[in-house]
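S.K.: Requesting a structural model of the entry that follows:
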Amino acid sequence: MIILSVITLATICFFIVKKLQPEKDLSIIQYRVKTWWGMFVIFCFATLFNTTVSLIAIMILSLVALREYFSMMKTRKSDRRIFLWSYLMIPLHFYWIYIGWYGMFIVFIPVYVFLFLPLPRIIGKGTVGFLRSVSFTQWGLMLMVFGLSHLAYFPIATPAFGGNLVLYLVILTQLNDVVQYLTTVYLGKRKIVPTANAYISWEGFIAGLAATTCISYLIYPYLTPLTPAFGIISGILISVAGFIGSLTVSVLKRDLLIGDQEKWEKLKGRYLSRIDSLTYTAPVFFHVIRYYFDFM
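M.R.: Model (predicted):
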């Protein structure tokens with residue numbers, strides 16, 4: 001009920017501000033609010049039913065994100081086979097999570113898929129564009145599948161705290177993105193990489209870091225079994241990792257969509273733009289917590 005109340009309040013505040021300041025570009029916040037409602041629904045399913053439901057939901061999210069990622073690439077007919085094999089790797093990767101095989105989960109995409117995925121592209125397809133299509137595909141699998149899949153492994157790694165840890169991570173990641181964006185809109189003067197993302201400034205980064213760290217310290221006792229020190233450290237980690245993730249995906253999109261403004265605008269409000277930070281915060285938070293705490 002608390003989460004529902006917060007999201008409802010945020011939605012109401014957004015529409016009030018939008019009406020009072022129509023000249024401000026608040027489209028990113030609008031997309032974030034929609035994302036929050038979607039994540040709330042997923043969390044409800046995960047809480048009311050079981051971990052399998054949340055695992056399937058995150059698997060579908062990874063599939064949709066990877067599909068949007070592939071849609072940005074100027075593809076050849078020869079790339080279709082490697083894309084098909086990439087999609088087939090997703091249920092297999094999530095199967096390792098389902099059975100709790102951590103060793104295979106952690107090496108499947110970074111090692112085995114990395115080594116053998118190029119084969120479908122090589123066989124009978126020549127060498128033209130090989131490096132671009134293979135490296136592009138592997139980047140997509142690492143970010144959209146491997147990175148996001150850590151969200152599904154939390155409940156498997158620690159059934160007692162997994163769901164709350166995911167909620168904690170998502171809240172802080174989204175908070176960091178929103179604070180960075182709003183600070184940049186109202187106070188941002190020094191853009192960090194204006195050619196890649198005009199919505200990230202040094203003022204926004206510092207404000208996001210401060211806000212995320214403070215909120216992390218305030219809510220960690222209610223959602224996590226972490227220590228006070230890690231209540232602070234987690235906020236810093238999530239803020240910095242989220243910043244890097246958002247910036248990296250922005251650069252990837254700019255590189256792939258150079259000269260295609262129509263497609264850029266079309267993809268602006270899609271899932272890929274909403275979960276870019278999570279592709280970094282999920283694995284970073286997961287592995288740091290797993291290393292330092294026995295409950296993982």
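S.K.: Can you check the pLDDT for Gly124?
M.R.: With respect to pLDDT, Gly124 scores 60.
S.K.: same question, the one 4 residues further on
M.R.: What the model reports for Val128 is a pLDDT of 72.
S.K.: How about the one 5 residues further on?
M.R.: Per-residue pLDDT puts Ser133 at 83.
S.K.: mind checking how far it is from Val111?
M.R.: Going from Ser133 to Val111 by CB to CB, to the nearest Å gives 20 Å. Using the backbone N, CA and C atoms, a C-beta is placed for each residue, glycine as well.
S.K.: So between these two, which is more surrounded?
M.R.: Neighbour tally, Ser133 and Val111, criterion other CB atoms under 10 Å: the higher count belongs to Ser133, 20 against 11.
S.K.: So the more buried one is in contact with Arg121, correct?
M.R.: Yes - contact criterion CB atoms under 8 Å: Ser133 and Arg121 qualify, at 6.0 Å.
S.K.: for the helix or strand that Ile97 is a member of, which positions count as buried?
M.R.: Counting by DSSP states H and E, the element that carries Ile97 is helix 80-98. Within helix 80-98, the residues scored as buried using 16 or more other CB atoms under 10 Å are 81-83, 85-86, 89-90, 93-94, 96-98.
S.K.: okay, those in CSV with distance to Ser239 and pLDDT next?
M.R.: Shown next, in CSV, are these (distance: CB to CB, whole Å; pLDDT from 0 to 100):
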residue, distance to Ser239, pLDDT
Arg81, 40, 84
Ile82, 35, 88
Phe83, 34, 89
Trp85, 36, 91
Ser86, 31, 93
Met89, 31, 95
Ile90, 29, 96
His93, 28, 97
Phe94, 28, 97
Trp96, 30, 97
Ile97, 26, 96
Tyr98, 31, 95
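S.K.: Closest one to Ile215 out of the residues you listed, please.
M.R.: Ile97 (28.4 Å; CB to CB).
S.K.: Now do the closest one against Leu117, distance only.
M.R.: 19 Å.
S.K.: Val284 now?
M.R.: Separation of Val284 from Leu117 (CB to CB): 24 Å.
S.K.: ok, back up a step: of the buried residues of helix 80-98, closest to Phe105?
M.R.: After measuring those against Phe105 - CB to CB - the closest member comes out as Trp96, at 4.3 Å.
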